[in-house]
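Participant: Quick one, what's the 3D model for this:
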Amino acid sequence: MINWPVLVLNQNFEPLSVCTVKRAVILMFLGKAELIETVDGQVLRAQAAVVPVPSIVRLDYYVKVPIKRITLTRKNVLKRDRGQCQYCGGKKGQMTVDHIIPKIFGGKDTWENLVCACIECNNKKAHHLPEKVGFNLIRKPRKPNHITFIQQFVGVSDHRWRQYLFMD
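Facilitator: Just a heads-up that it's a prediction; the model follows:
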């Protein structure tokens, strides 16, 4: 329970990050964060106190955070596309990462040029442009921001997070 995820909000209720229950409780005891939502009926017992298990905490001061960059990795591209082939829509079988514009045509390793593709579509496309083999992308690939990262990559482990992550 002490390692469960807790959503951390900035003073203006903007999602900042996800930490553990242990870290959130420490922030609350130090007077640096306030409890916004709890995990129903769950408490932490200590010799001197009983503390509700936090689900969401808000910092008591505004933290100016530099723009967070999500690392471009194979795993993160597959997560961004939710493990769905961006050419046929399939989710079965092993997925690969495909360059929309192949490297031989000057395609770069960027969020906007890499998509999840099933092995069959990736082999069919080979070193061609998608239009040449009759493929259309299901979704235009984009670079994810830190809110998208929490929504999709970390995952929403508690329904109470949805309104703070702009999912309602």
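Participant: who touches Gly93 in this structure?
Facilitator: Cys118, Ile119, Glu120 (C-beta atoms under 8 Å, 6 or more residues apart in numbering). The way it works is simple: take the backbone N, C-alpha and C, and place the C-beta from them, glycine included.
Participant: pLDDT value on the first one, please?
Facilitator: Spelled out, that is Cys118. Listed pLDDT for Cys118 reads 96.
Participant: wouldn't it be in contact with Val97 here?
Facilitator: No: look at Cys118 against Val97 with C-beta atoms under 8 Å: they stay out of range, at 11.3 Å.
Participant: can you pull the buried residues of stretch 157-168?
Facilitator: Asp158, Arg160, Trp161, Tyr164, Leu165 (16 or more other C-beta atoms under 10 Å).
Participant: List just the nearest of the residues you listed to Lys140.
Facilitator: Leu165 (21.6 Å; C-beta to C-beta).
Participant: Can you name every helix or strand that the longest strand seen in the chain contacts?
Facilitator: For the chain, the longest strand by residue count, based on DSSP state E, is strand 33-45. Applying 3 or more C-beta pairs under 8 Å, 6 or more residues apart in numbering; DSSP states H and E, one finds that strand 33-45 contacts helix 21-29, strand 50-59.
Participant: Mind listing the strands it pairs with, and their directions?
Facilitator: Strand 33-45 has the following sheet partners, assigned by DSSP bridges: strand 50-59 (antiparallel).
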